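Undergrad: sequence first, then the predicted structure:
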Amino acid sequence: MLDLQLKNVKFLLTIAVILMVVGLIYGISSLKGNFYWNQKYFKMQWAYLKTKVEFFVEEKKSRNQAENSAIVAKHAGSVPILLYHGVIEDPNWKPDGVNISLEDFRRQMFALKIAGYETISTKDFLDFLAGRKNLPEKSFLLTFDDGRQDSFYPVDPILKALGYTAVMNVITGRSLAENNEWNHFHLTEDELKKMIKSGRWEIESHTQNGHDFVKIDAGGKQGHFLSNKLWLKYEGRLETDEEYEKRIRDDLAGAKKDLEKKLGVKVFFFAYPFGDFGSASENFPASREILTRVVKEIYPYSFYQARRHDFPANYPGKFYLLKRINVDSSMSTSELLALLKTSQAKDNNFQDHFENNQGWVAGWGSIDFQNGLMLARSTNSEDSSLAFLNGSFGWKNYFFQGRVKILAGRSFALVGRYQNGNNYISCDFDIDHAAVSQRTRDDEKILAENSLDLSYLKNREITVSLRANGNDIECLVEGKTIAKARVDSDFLNGGVGFKTWDERLNNSSLLVKEVRVEKIGSDFGSFRGAIARK
């Protein structure tokens, strides 16, 4: 009897063990695809705690080293947008000009936070552009492209620890495609939903399938999907204009629909792949007009990477094409902080004796600073140079004056109402004439010109000035007006700069000793006289 009972107990225990094992296997199987039950998730929680402690130590060290000084709260006059791609954890990774190491990214975010920079939402940013909301001076929008896992998992713990937020621009044909759960490079639908739920991430569009290279001629040459016509192999021709527009429209609209339907979000922004809004087209230059028009019809706003001759930050106004600062392994933390500092909107009562660089940027050519002087010059491959003052985009009516000397070449200009390298007005000084010019992307025209003997300007230090007041532009040498004209109403704001040029390559240079700018409406006359006598 006892043996029978023992057998029954063993049998029941065996059944119980089998059921437990089956239950355990079933439970593990059920949790296998669960976002909160995987190695990556637990690694993120550990990284968050570690980052929190590391930042506390770093912040305390910085606070102890800093001088105690009163901080005056200011409103932002401009807001930069930072762009990152992959954040690489592999210690053996080699810089590739696109991504950044986790160590460098963490260092940059720590430095920004300690310096007082805070992230904003896309709604805050749009309210700022529309003039509906004031933002703290050190506000920025943080964005990532491509919807990559390596720009979420290493990054999210840092955002959480610092109280930062970010925008992820997603390639929906990769992240939201069917059977994408095996994809270990792009984020999946489930991961994107968890990002949204965290409150730290917003999701926007980076095309459906438009981030690819496609064949654009019979020889198999590759080009960007959105800015080129496809080569139709079996028909032996390129797409027609109509076929091109339909293809890109379907892709752009499809990406927006994917995100809104599958993730339940409203999509307002589109990030151009490679920052190419038609400017890098290989076989269809007209793509610029068509592509930007189609994008604008589908998305209220779009992102592109700021070019060398652009103001890097964004200013209030009715803009739909927004600039981003591309950050990769080539940009150090100190360089990033310096760029953000000089990108802040400047007061247009400004002076510079070039003891250090207050934000002058070489749109092309080169600039150097030494002994209280700025040298702007062309290079071996260029016949001209242009230097503009970062942070001056919002300036409107002002008197701009510089003490300069021509070192090489026959021509130079004071640049005013500078918006980018394709849009500005200028006072042009040549050895035999002076002129007021207006430049747009497709056209450069002389608005007023006077034949004068200005040969005495060369190798002599002189004071030249540009007065911009409403539509009126006035050019002066040593306080004397030598040309004036009226400009289009598209040029009622913009910054200041200098330009050099010559017929020969690497043969134009201008030495700038002093710069003064004063807002018209202050003591304009006394200011002009004071600098002219120097």
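TA: Good, I have the coordinates.
Undergrad: and the gap between the residue nearest to the spatial centre of the chain and V79?
TA: In the chain, the centroid-proximal residue (C-alpha atoms, centre = their mean) is R324; its distance is 1.3 Å. When distance is defined by C-beta to C-beta, to the nearest Å, R324 is 11 Å away from V79. Glycine gets a C-beta too; all of them are placed from N, C-alpha and C.
Undergrad: ok, P285 next?
TA: According to C-beta to C-beta, P285 and V79 sit 32 Å apart.
Undergrad: for these two, work out which one has more neighbours and name it.
TA: Taking other C-beta atoms under 10 Å, P285 and V79 do not tie; V79 has more neighbours (24 against 11).
Undergrad: which ones are touching the more buried one?
TA: When contacts are counted by C-beta atoms under 8 Å, 6 or more residues apart in numbering, V79 touches 120, 125, 128, 135, 139-141, 313-314.
Undergrad: go again using 7 Å as the cut-off
TA: Neighbour list for V79: 125, 128, 135, 139-141, 313-314 [criterion: C-beta atoms under 7 Å, 6 or more residues apart in numbering].
Undergrad: neighbours of R237, how many?
TA: Neighbour count of R237, defined by other C-beta under 10 Å: 13.
Undergrad: do the one 4 residues further on as well
TA: One way to gauge burial is a neighbour count; for D241, by other C-beta under 10 Å, it gives 13.
Undergrad: for N169, same thing?
TA: N169: 24 neighbours (other C-beta under 10 Å).
Undergrad: quick check: phi and psi at it.
TA: The phi/psi pair for N169 (degrees, to the nearest 10) reads phi -100, psi 120.
Undergrad: what's opposite it in the beta bridge?
TA: In this structure, N169 bridges to D145, E204 when assessed by DSSP bridges.
Undergrad: the strands in the stretch 401-534 of the chain, which residues?
TA: Taking DSSP state E, counting those that start in this stretch, the strands of the stretch 401-534 of the chain run over residues 411-420, 423-430, 433-440, 443-451, 462-469, 472-477, 480-486, 495-501, 509-519.
Undergrad: what angle separates the third one from strand 480-486?
TA: In other words, strand 433-440. 30 degrees (axes from the mean of the first three to the mean of the last three C-alpha atoms, to 10 degrees).
Undergrad: any idea of the mean pLDDT in strand 433-440?
TA: Taken as a whole, strand 433-440 has a mean pLDDT of 95.
Undergrad: in that strand, which residues are buried?
TA: For strand 433-440, the neighbour count (16 or more other C-beta atoms under 10 Å) marks 433-439 as buried.
Undergrad: ok, it: who's next to it in the sheet?
TA: Each strand paired with strand 433-440, and its direction, by DSSP bridges: strand 423-430 (antiparallel), strand 443-451 (antiparallel).
Undergrad: now do the shortest one
TA: For strand 472-477, the pairing partners within the sheet under DSSP bridges are strand 462-469 (antiparallel), strand 480-486 (antiparallel).
Undergrad: just the buried positions in the first one, please.
TA: The neighbour-count criterion (16+ other C-beta under 10 Å) identifies 462-468 as the buried residues of strand 462-469.
Undergrad: could I get those residues in a markdown table, plus columns for pLDDT and distance to K194?
TA: What follows is those, written out as a markdown table (pLDDT from 0 to 100; distance: C-beta to C-beta, whole Å):
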| residue | pLDDT | distance to K194 |
| --- | --- | --- |
| I462 | 93 | 64 |
| T463 | 95 | 62 |
| V464 | 96 | 60 |
| S465 | 97 | 59 |
| L466 | 98 | 55 |
| R467 | 98 | 57 |
| A468 | 97 | 52 |
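Undergrad: which one of these is nearest H85?
TA: Proximity of those to H85 (C-beta to C-beta) peaks at A468, which lies at 39.4 Å.
Undergrad: partners of that closest one in the sheet?
TA: Beta bridges link A468 to Y398, I473, judged by DSSP bridges.
Undergrad: my read: it touches Y418, true?
TA: No. Counting by C-beta atoms under 7 Å, Y418 is not a contact partner of A468; they are 10.5 Å apart.
Undergrad: closest one to L259 among the strands of the stretch 401-534 of the chain?
TA: strand 411-420 (30.4 Å).
Undergrad: next, the angle from that closest one to strand 495-501.
TA: 140 degrees.
Undergrad: so which elements touch strand 411-420?
TA: strand 384-389, strand 398-408, strand 423-430, strand 462-469, strand 495-501 (3 or more C-beta pairs under 7 Å, 6 or more residues apart in numbering; DSSP states H and E).
Undergrad: CA atoms only for the third one - export them in CSV, please.
TA: Extracted C-alpha coordinates of strand 423-430, given in CSV (Å, rounded to 0.1, in the frame of the first residue of the first chain):
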residue,chain,number,x,y,z
ASN,A,423,20.9,85.3,-51.7
TYR,A,424,22.4,88.7,-50.6
ILE,A,425,23.0,92.3,-51.7
SER,A,426,26.4,93.9,-51.8
CYS,A,427,28.4,97.1,-52.3
ASP,A,428,31.0,96.1,-54.9
PHE,A,429,34.3,98.0,-55.1
ASP,A,430,36.6,97.6,-58.1
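Undergrad: and it, what's its mean pLDDT?
TA: Averaged across strand 423-430, pLDDT comes to 96.
Undergrad: residues in contact with that strand?
TA: Contacts with strand 423-430, where a contact means C-beta under 7 Å, 6+ apart, come from 410-418, 434-441, 454, 457, 464, 466, 473, 475, 483, 487, 491, 494, 499.
Undergrad: neighbours around the closest residue in space to L291 that isn't next to it in sequence, how many?
TA: Distance criterion C-beta to C-beta, 6 or more residues apart in numbering; nearest residue to L291, sequence neighbours excluded, is G278 at 4.7 Å. Close neighbours of G278, defined as other C-beta under 10 Å, add up to 20.
Undergrad: I figured G278 hits S227, correct?
TA: Yes. Here G278 reaches S227: they are 4.9 Å apart, a contact under C-beta under 7 Å.
Undergrad: ok, I100 - contacts?
TA: Taking C-beta under 7 Å, 6+ apart, we find I100 in contact with 84, 87, 327-329.
Undergrad: relative to L389, which of those residues is nearest.
TA: Distances from L389 to the contacts of I100, taken by C-beta to C-beta, are shortest for V327, at 22.3 Å.
Undergrad: narrow the contacts of V79 to those that are buried.
TA: In the contacts of V79, the ones that pass as buried (16+ other C-beta under 10 Å) are 125, 128, 135, 139-141, 313-314.
Undergrad: switch these over to JSON lines; also include pLDDT and secondary structure.
TA: Formatted as JSON lines, the buried ones among the contacts of V79 follow (pLDDT from 0 to 100; DSSP: H, G, I helix; E, B strand; the rest coil):
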{"residue": "F125", "pLDDT": "98", "secondary structure": "helix"}
{"residue": "F128", "pLDDT": "97", "secondary structure": "helix"}
{"residue": "L135", "pLDDT": "98", "secondary structure": "coil"}
{"residue": "S139", "pLDDT": "98", "secondary structure": "strand"}
{"residue": "F140", "pLDDT": "98", "secondary structure": "strand"}
{"residue": "L141", "pLDDT": "98", "secondary structure": "strand"}
{"residue": "A313", "pLDDT": "98", "secondary structure": "coil"}
{"residue": "N314", "pLDDT": "98", "secondary structure": "strand"}
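Undergrad: show me the contacts of I100 that map onto strands.
TA: 84, 87 (DSSP state E).
Undergrad: which of the contacts of I100 lies at the shortest distance from K296?
TA: So of the contacts of I100, ranked by how close each gets to K296 (C-beta to C-beta), first place is Y84, at 25.5 Å.
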